[in-house]
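Engineer: Turn this into a structure:
(chains A, B, C and D)
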Protein chains: 2
Amino acid sequence: MAGRRRQAGVTMQDVAAIAGVSIKTVSNVINGYPYIRPGTKERVEAAIEQLGYRVNLSARNLRQGRTGMIGLAVPELSLPYFAELADSVIRAAERRGVIVLIEQTNASRERELEVLHGQRRHVTDGLIFSPLALGTEDRAAFAVDFPMVLLGERIFGGPADHVTMSNVEAARAATRHLLETGRRRIALIGSHEGETVGSAALRQRGYEQALAEAGLPVDPALLGEAGLWHRSTGAEAMARMLDAGTEVDAVFGLNDALAIGALHVLHARGVTVPDEVAVIGFDDIEDAAYASPPLSSVAPGREQIAQTAVDLLLARIAGTAPDEHVEVITDFAVVPRESTVGAVRPAAAASPVVA
Amino acid sequence: MAGRRRQAGVTMQDVAAIAGVSIKTVSNVINGYPYIRPGTKERVEAAIEQLGYRVNLSARNLRQGRTGMIGLAVPELSLPYFAELADSVIRAAERRGVIVLIEQTNASRERELEVLHGQRRHVTDGLIFSPLALGTEDRAAFAVDFPMVLLGERIFGGPADHVTMSNVEAARAATRHLLETGRRRIALIGSHEGETVGSAALRQRGYEQALAEAGLPVDPALLGEAGLWHRSTGAEAMARMLDAGTEVDAVFGLNDALAIGALHVLHARGVTVPDEVAVIGFDDIEDAAYASPPLSSVAPGREQIAQTAVDLLLARIAGTAPDEHVEVITDFAVVPRESTVGAVRPAAAASPVVA
DNA sequence: TTGTAGGCGTTATCAG
DNA sequence: CTGATAACGCCTACAA
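Structural biologist: Numbers count the residues shown, from 1 in each chain, chains lettered A, B, ... in the order given. Predicted coordinates:
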């Protein structure tokens, strides 16, 4: 415990002096340079321990031109999906010895552009970016000169690396699941009219494909607009649809928050789920399993997305990634719960998905 | 758009050369030094714009001995309360021009100690720490020689700055709320047997005080243990209590996740809420308003906690905080919703709490 | 196997 | 008001 209090201000010089070696040798020890005489190494390590020395990362970064940190830009952490994603990314980065710095864009165009070109960019070696407000019309803005990996298909075929699951196929699978339980009037909550490349558009495309396969038309009355995918907007869209007297026997929420909002309204109006209306969401956030009734959903393989994105970004930073831009498609799975298939068991715990 | 591509590598030297001034003048402009001739300032700003220059933070930090970043250590972002807290802290820090670096401790003792003494500590100027696993027995570990603000009362009267709401009073208010609706058999979900200073102990104390005021005894059968405050553990505790045949007419979940887990079990067993059993949680996370039925809760003033903690930490870093350790108690409010007071209105949106 | 010199981009000091 | 110059702490040559 002796001299270990004040590590602030302890420099390699001090360590070198105590150990009776040069500063370079200390540096070598710290960086794991192999050719050091064991005795020397020991003395250096003892000195480091004694002084409580830590490398000054600012200095190292300045010298090396790297920071050892990567950025993660998401709309907001209050949205459970992004909180869980951030959790996974932080863990994945940690496994690679890298620190994550989170930025919230609030899904605002301005903030998202700032993330790409602003000041903060310089604190990190690269960026994992889940854009929401920016679209194909902003393609040019994504042509950045630093390592970046995009999450989601918002900028389809854009000028950057991509990690995403297949929104179209996953949405088709979810819709099929509803069709298989005999539903025919399936509402879509969260559509973005006029959009062509965002998650909303892609998921809606999957929905339409599944309907087409079943020989069903797409009824515009069943498309519930919701700009932001929050619980509140899901509730509002659902309410509007019911108020309009639209006949509905199932709901596909384009994410779980929307679906939970819809559930909430159904519940408030005395509509039974899944007897009268079945509900499925998307993202499989933890909430889903604890909704009443437990919400069926589509699990996007969060862990896989996170680790893949981190590794791809680090490869890009290290310069070991392929020259052309990479697009990785990850797996997904439909997770049926009571909201579509009815009570399966009277268990206390909600589902096998929760750890 | 001309020369704005390659900002990497643009230095003050370059800006100074273009603007025809010395490097120091550029520095002055950037740092808002007041005594600069307007013409000079303009030329410098034009050069900065033209080259797309950004200060190199590593260099600045090295020079200034600061990093411009603060750490935020929480158990995990998957827990909605901490995700929302992180959201608020990031925003609060942003308002002060500071970057936040999040660390997840997984509520493990080892990880929490690492946060206090590990390598990463040196990337930040200070730490906002919400400990869970460490208790009074670890008091010594909290005697750190860097700026730190603790959230929550876990280390009561410990050797560090504190920001917290009054757990005891808030819990008492929540319990009173249940008593006022005529409940008498109030289950407590999330208790930690033997604990004396943690959130569990404090909130339980408030519960006991409220019961005492109402002339009611504390029935051990109504105390539901739950180590981790997750939805799943809340569900399990509730299920155990019901399985044991304990008579219950209300539930106080020590946080919302526990309460939501309990709701889930009640729902699965056909117990009506709030008719047969009223339920209230704690934290007022966004989920609460969208539970079925909407969950009453205690709002801890998250924004206030976040901003206060950030400001206190920055004051500590700047050396402007008082010598002795500060303890700030923030406000709280009971938010009644359907889970305790029954259906109030058939609205689509769930509550005024959601933005 | 270890030491020496130099510079990464900023800001602070001190002249001018 | 502005300019030269010296650190900040580290790492990469290059020498020894």
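Engineer: quick one: buried residues of stretch A:108-116?
Structural biologist: Neighbour counts using 16 or more other CB atoms under 10 Å in any protein chain shown place A:111, A:112, A:113, A:114, A:115, A:116 of stretch A:108-116 among the buried residues. For every residue, glycine as well, the C-beta is placed using N, CA and C.
Engineer: Report the two of these separated the most.
Structural biologist: A:111 and A:116 (10.1 Å; CB to CB).
Engineer: Check what pLDDT the residue of the stretch 51-200 of chain A found nearest chain B gets.
Structural biologist: Closest approach of the stretch 51-200 of chain A to chain B (CB to the nearest CB) occurs at residue A:83, with a separation of 3.5 Å. The model reports residue A:83 with a pLDDT of 96.
Engineer: Likewise for the one 4 residues further on?
Structural biologist: Looking at residue A:87, its pLDDT is 96.
Engineer: what's the angle from the host helix or strand of it to helix B:80-95?
Structural biologist: Following DSSP states H and E, one finds residue A:87 within helix A:80-95. Computed by axes from the mean of the first three to the mean of the last three CA atoms, to 10 degrees, the angle separating helix A:80-95 from helix B:80-95 equals 80 degrees.
Engineer: Direction included, what does the one helix or strand residue A:163 maps to pair against?
Structural biologist: For residue A:163, the host element (DSSP H and E) is strand A:161-165. Here strand A:161-165 is paired, per DSSP bridges, with strand A:148-151 (parallel), strand A:327-330 (parallel).
Engineer: Single out the most deeply packed of the ones you listed.
Structural biologist: strand A:148-151 (a mean of 25; mean count of other CB atoms under 10 Å in any protein chain shown).
Engineer: who in the stretch 51-200 of chain A is up against DNA strand C?
Structural biologist: By the rule CB under 7 Å from any atom of the strand, the part of the stretch 51-200 of chain A lying against DNA strand C is A:59, A:62, A:63.
Engineer: now the stretch 201-350 of chain A
Structural biologist: Residues of the stretch 201-350 of chain A lying near DNA strand C (CB under 7 Å from any atom of the strand): none found.
Engineer: near DNA strand D, which residues of the stretch 101-250 of chain A show up?
Structural biologist: Near DNA strand D, when you scan the stretch 101-250 of chain A using CB under 7 Å from any atom of the strand, you find nothing.
Engineer: Show me what residue of the stretch 101-250 of chain A gets nearest to chain B.
Structural biologist: residue A:239 (3.4 Å).
Engineer: how many other residues sit next to whichever residue of the stretch 151-300 of chain A sits closest to DNA strand D?
Structural biologist: Closest to DNA strand D within the stretch 151-300 of chain A is residue A:161: 25.8 Å, counting by CB to the nearest atom of the strand. By other CB atoms under 10 Å in any protein chain shown, 23 other residues sit near residue A:161.
Engineer: what sits against it?
Structural biologist: By CB atoms under 8 Å, 6 or more residues apart in numbering or on different chains, residue A:161 lies in contact with A:148, A:149, A:150, A:312, A:313, A:316, A:321, A:325, A:326, A:327.
Engineer: can you tell me which residues contact the first one?
Structural biologist: So that's residue A:148. A:126, A:127, A:128, A:129, A:142, A:160, A:161, A:313, A:316.
Engineer: wait, the third one sits on residue A:307?
Structural biologist: No - taking contacts as CB atoms under 8 Å, residue A:128 lies outside contact range of residue A:307: 11.3 Å.
Engineer: Of those two, give the one with the bigger neighbour count.
Structural biologist: residue A:128 (30 against 20).
Engineer: ok, which stretches of chain A are helices?
Structural biologist: A:12-19, A:23-30, A:38-51, A:57-64, A:80-95, A:109-117, A:167-180, A:199-213, A:231-243, A:256-268, A:286-290, A:302-318, A:338-341 (DSSP state H).
Engineer: would a markdown table of these with distance to residue B:294 be doable?
Structural biologist: Conversion of the helices of chain A to a markdown table gives the following (distance: least, CB to CB, whole Å):
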| stretch | distance to residue B:294 |
| --- | --- |
| helix A:12-19 | 59 |
| helix A:23-30 | 56 |
| helix A:38-51 | 56 |
| helix A:57-64 | 47 |
| helix A:80-95 | 17 |
| helix A:109-117 | 31 |
| helix A:167-180 | 27 |
| helix A:199-213 | 27 |
| helix A:231-243 | 11 |
| helix A:256-268 | 8 |
| helix A:286-290 | 14 |
| helix A:302-318 | 28 |
| helix A:338-341 | 18 |
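Engineer: Ok, which of those helices comes nearest residue B:219?
Structural biologist: Of the helices of chain A, nearest to residue B:219 by CB to CB is helix A:286-290, at 27.0 Å.
Engineer: you'd agree residue A:80 is up against residue A:260?
Structural biologist: No - using CB under 8 Å, residue A:80 is not in contact with residue A:260; the gap is 9.4 Å.
Engineer: okay, those two: which has more neighbours?
Structural biologist: residue A:260 (29 against 26).
Engineer: Verify the contact between the more buried one and residue A:231 for me.
Structural biologist: Yes - between residue A:260 and residue A:231 there is a contact at 5.4 Å, judged by CB under 8 Å.
Engineer: Can you work out which residues contact both of these two?
Structural biologist: Contacts common to residue A:260 and residue A:231, judged by CB under 8 Å, 6+ apart, are residue B:290.
Engineer: where in chain A is pLDDT low?
Structural biologist: The model of chain A has pLDDT under 70 over residues A:1-8, A:119, A:154-158, A:344-355.
Engineer: Could you list the domains of it?
Structural biologist: A:12-54, A:66-165+A:301-324, A:167-299+A:334-354 (automatic domain parsing).
Engineer: Reformat those as CSV; add distance to residue B:250.
Structural biologist: Output for these, formatted as CSV (distance: least, CB to CB, whole Å):
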stretch, distance to residue B:250
domain A:12-54, 52
domain A:66-165+A:301-324, 27
domain A:167-299+A:334-354, 18
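Engineer: Which residue, other than its chain neighbours, is closest to the residue of the stretch 51-200 of chain A closest to chain B?
Structural biologist: residue B:83 (3.5 Å; CB to CB, 6 or more residues apart in numbering or on different chains).
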